[in-house]
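1. Fold the stuff below for me.
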Amino acid sequence: MSCSYRLHDTDLWQLLVVGKAIWTNGLPTTDQWQWPSYGDPQVVSSWAFRALLWPVWSAGGVGALFVLRWALVLATFGFAWKAARAAGARGFVPLIVIVWASLVYRLRAELRPETAAGVLLAIELWILERRRSGGPDRSAWIVPLAMVWANLHVSYTLGFVVLAAYLADDLWGAARGGSPRRLARVALFAAAACFVNPYGLKLLAQPFEFALRWRNDPMFRNIAELHPPVWSLHLKSGLPLLIVLWPLLLLARLRRHGPDVAGLVMAAAFVAFAVSSQRFIGFLAIAALPFVARDLSGIAGTIRRPATLSGPWPRAAATIGVCVAIGIPEWSRPELPLGIALEPLYPAAACDFMVREGIQGRGFNHFHLGGYLAYRSWPARERLPFATTQPENIRPRDRARYPAVFVDPDAWRALDAEYHFEWAMLAREQDPGDRLLDILDADSSWALAFTDDVVQLLVRRNEDEQDVARRLAYRTLPAGIRRRMEVVPRAVTDTVFRSEVARELERAVQSSPENGHAHHLLGILAMMDGRGRAALDHFGRALAKQPFLPRVHELRGLALLDQGRPRDALRDFERERDLQRRPPGIDLRIGQAWRRLGNPARARRAYEEELRRHPDNAEARDSLAALGAR
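-> Here you go, the predicted model:
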């Protein structure tokens, strides 16, 4: 359940195209995915995972990817559970901890190399905990594990953090049945085994380059997952509690059993990693699980149970109930809908349009779109992206200039003057401060040729009679948000403009199935023309594609009120209130629906709530006064 939401990670396409190249031509040693750096020497990190991913995708598409995802996550938490059992966790409490850890892990449960690395981390913990508890010493298995990990993901260094923690435990003298020398030899051989990779030291150096050099690179600083966690996003999963509870449990254990040196070193390291970067949250969940499960089950064993929970079956039923109860808030997050599918965040329709219309040449793109562009273009070079989802492979000079072009018109013009771009594919949703679409909107040498919810595709105008821009350019629909905000006010007073915008919006809807924003605007124009049923149809289509689009439920509710359906309108108004956290004016609309339903008391409370939150709302004040007079 925790990892059965739609796949969001746009890096998937870059992983797939490199995997395809591996199976087609062998391991790449040069860049084949970006046109400016085409042919430059390149180290393909995580090459083993890419090679695994491509045949899975080829064999079964999205369904096969989810089977692989489930298998990796189940293996991870299966071995983590075995590590917890080896550490001394007993009873049903460890199963609750597994579910809790899976919720913390959930936001990192995309299909990427770190998902496979999580299995190796759990296996290493199981091997070392089993050894520490007096079981068979299988620490030699860590040597081939390290070799696989180095070829699978740059996080291979975490394996040595774990080894260091248990070596410190050996040195402290807490281990039984083992010696520090053996584990030290294992660490030495494991380090040597990491060099068994096709790129040698260059591949092994990558995590250190991230830590020491690339982390200060302007382009890397714009990657959200490299930033510290946004704590509000992790409240439902219990991440803050896990970060606090794990060290506290280890400190409490000090008084009863003495120091768990391995646990203390692990907690210090993995908590520090997770607090500094979102990328380590999944690894934190795996590393903490055996220790938290052991200590919580020990505490649970000292608590006297009620008579109703004396038997195993009642305890099992209670455990199931707790697991489901703690999971529901996270599993029901509306922004992560459950389903076996890919979230449509990739420019499939735009790429189809480019092929159909013959758009090719030197292009510029938001880097998160680059993986799909490379996937669709390779091995041909005509439509390769300027930048892909792996900025370490972009030339340093371009990487240094790339972030500035989105905020500085002069930086864009300088880059364009050097490369002479022929098309630009940019995300429709502009981040705060991102002005590039507005810059291109104001430049008469560029024209919007394709638009949907994912991207805006612009092409450069030229004097050729077969000019693509002359043939395909939108004349009233703008690309950037600044001019987009002017469309509705102008359409209110200019009926000719309104009809032209409607025609171009219909063209946009025909060109891509992912066009909720176009349906949203078509619904507004239909309301202006008094076509209520058409407006409702467009708003419904908009919400099917963009369920969190602000004000659409409110507009749909207004259209329903005009249709004489106040009960349905009330549901939409309340949905808008819940989704958008009570936007200005929504309680006024709820009051209007209740008034139409013949419930003046509920209408009065809604008007009063609107005025309490927004005292300057004259319409709410007039509605309340009219209700009082009546």
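2. so residue 100 sits right up against residue 242, yeah?
-> Yes: using CB atoms under 8 Å, residue 100 is in contact with residue 242, at 7.2 Å. Every C-beta, even on glycine, is put in place using the N, C-alpha and C of the backbone.
3. Just the mean pLDDT for whatever helix or strand residue 103 lives in, thanks.
-> According to DSSP states H and E, residue 103 maps onto helix 93-105. Mean pLDDT, computed over helix 93-105, is 96.
4. Mind listing residues that contact that helix?
-> Applying CB atoms under 8 Å, 6 or more residues apart in numbering, the contact partners of helix 93-105 are 2-3, 73, 77, 80-81, 84-85, 89, 118, 234, 236-239, 242, 281-282, 284-286, 288-289, 292-294, 296-297, 300, 319, 322-323, 326-327, 330.
5. And the buried ones among those residues, selectable in PyMOL?
-> Burial among the contacts of helix 93-105 is assessed by 16 or more other CB atoms under 10 Å; the matching PyMOL selection reads:
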select buried, resi 2+3+73+77+80+81+84+85+89+118+234+236+237+238+239+242+281+282+284+285+286+288+289+292+293+294+296+297+319+322+323+326+327+330
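6. could you give the angle of the longest helix along the chain to helix 93-105?
-> As assigned by DSSP state H, the longest helix anywhere in the chain is helix 47-87. Angle, helix 47-87 to helix 93-105, by axes from the mean of the first three to the mean of the last three CA atoms, to 10 degrees: 150 degrees.
7. and helix 47-87, what other elements does it pack with?
-> Counting contacts by 3 or more CB pairs under 8 Å, 6 or more residues apart in numbering; DSSP states H and E, helix 47-87 packs against helix 12-25, helix 93-105, helix 113-132, helix 142-152, helix 281-301.
8. Which of those helices sits closest to residue 568?
-> helix 93-105 (35.2 Å; CB to CB).
9. show me where pLDDT drops low in this protein?
-> Within the chain, the segments meeting pLDDT under 70 span 174-178, 464-466, 629-630.
10. Show me where the stretch 451-600 of the chain has its helices.
-> With DSSP state H, counting those that start in this stretch as the definition, the stretch 451-600 of the chain shows helices at residue ranges 468-472, 481-484, 487-493, 495-511, 516-528, 532-545, 552-562, 566-579, 586-596, 600-613.
11. Now mean neighbour count and distance to residue 412 too, for these, in TSV please.
-> Shown next, in TSV, are the helices of the stretch 451-600 of the chain (neighbours: other CB atoms under 10 Å; distance: least, CB to CB, whole Å):
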stretch	mean neighbour count	distance to residue 412
helix 468-472	17	18
helix 481-484	16	15
helix 487-493	14	24
helix 495-511	16	25
helix 516-528	22	24
helix 532-545	19	30
helix 552-562	23	33
helix 566-579	19	35
helix 586-596	23	39
helix 600-613	18	41
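12. what's the closest of the ones you listed to residue 153?
-> Nearest to residue 153, of those and by CB to CB, is helix 532-545 at 34.2 Å.
13. give the contact list for residue 126.
-> Counting by CB under 8 Å, 6+ apart, residue 126 has contacts 79, 80, 82, 83, 86.
14. which of those tops the neighbour count?
-> In terms of neighbour count, residue 80 stands highest of these at 31 neighbours, by other CB atoms under 10 Å.
15. ok, that residue - contacts?
-> 98, 101, 122, 125, 126, 286, 289, 290.
16. Repeat that for residue 480.
-> 430, 435, 437, 438, 439, 440, 441.
17. Need the phi and psi values for the residue lying closest to the fourth one once chain neighbours are set aside.
-> On the basis of CB to CB, 6 or more residues apart in numbering, the spatially nearest residue to residue 438 that is not a chain neighbour turns out to be residue 480, at 3.5 Å. Its backbone dihedrals place residue 480 at phi -90, psi 160, with angles given as degrees, to the nearest 10.
18. Residue 480 and residue 439: what is the separation?
-> Using CB to CB, to the nearest Å, we find residue 480 at a distance of 8 Å from residue 439.
19. Please apply the same query to residue 275.
-> Distance from residue 275 to residue 439, by CB to CB: 37 Å.
20. Settle it for me: which of the two has more neighbours?
-> Set residue 275 next to residue 439 and count neighbours by other CB under 10 Å: residue 439 wins out with 21 against 14.
21. what number of residues lie near the closest residue to that one other than its chain neighbours?
-> Leaving aside its sequence neighbours, residue 439 sits nearest to residue 409 (CB to CB, 6+ apart; 5.0 Å). Residue neighbour count, defined by other CB under 10 Å, stands at 15 for residue 409.
22. Tell me how many other residues crowd the closest residue to residue 148 other than its chain neighbours.
-> Leaving aside its sequence neighbours, residue 148 sits nearest to residue 120 (CB to CB, 6+ apart; 6.7 Å). When neighbours are defined as other CB under 10 Å, residue 120 has 24 of them.
23. if I look at the closest residue to residue 140 other than its chain neighbours, how far off is residue 262?
-> What sits nearest to residue 140 in space, not counting adjacent residues and going by CB to CB, 6+ apart, is residue 186, at 6.3 Å. From residue 186 across to residue 262, the span is 15 Å (CB to CB).
24. Same check on residue 85?
-> Taking CB to CB, one finds residue 85 at 16 Å from residue 262.
25. cool, and residue 184?
-> As judged by CB to CB, residue 184 and residue 262 stand 15 Å apart.
26. Specify which residue of the two has the higher count of neighbours.
-> residue 262 (26 against 14).
27. State the helix or strand in which that one lies.
-> Counting by DSSP H and E, residue 262 is found in helix 261-276.
28. Just the angle for that helix relative to helix 47-87, thanks.
-> 130 degrees.
29. Pull out the buried residues from helix 261-276.
-> For helix 261-276, using 16+ other CB under 10 Å, the buried residues are 261, 262, 263, 264, 265, 266, 267, 269, 270, 271, 273, 274.
30. Tell me the helices and strands packed up against that helix.
-> helix 157-172, helix 239-257, helix 281-301.
31. Figure out how far the second one is from the centre of its chain.
-> Taking CA atoms, centre = their mean, to the nearest Å, one finds the center of helix 239-257 at 30 Å from the center of the full chain.
32. The residue nearest to residue 148 reaches residue 149, doesn't it?
-> Yes: between residue 120 and residue 149 there is a contact under CB under 8 Å: 4.9 Å.
33. hey, what's in contact with both of those two?
-> residue 159.
34. Grab the nearest non-local neighbour of residue 111.
-> By the measure of CB to CB, 6+ apart, the closest residue to residue 111 outside its immediate chain neighbours is residue 69, 5.0 Å from it.
35. Against residue 112, how distant is residue 204?
-> For residue 204, the distance to residue 112 equals 20 Å [CB to CB].
36. cool, and residue 537?
-> Distance from residue 537 to residue 112, by CB to CB: 39 Å.
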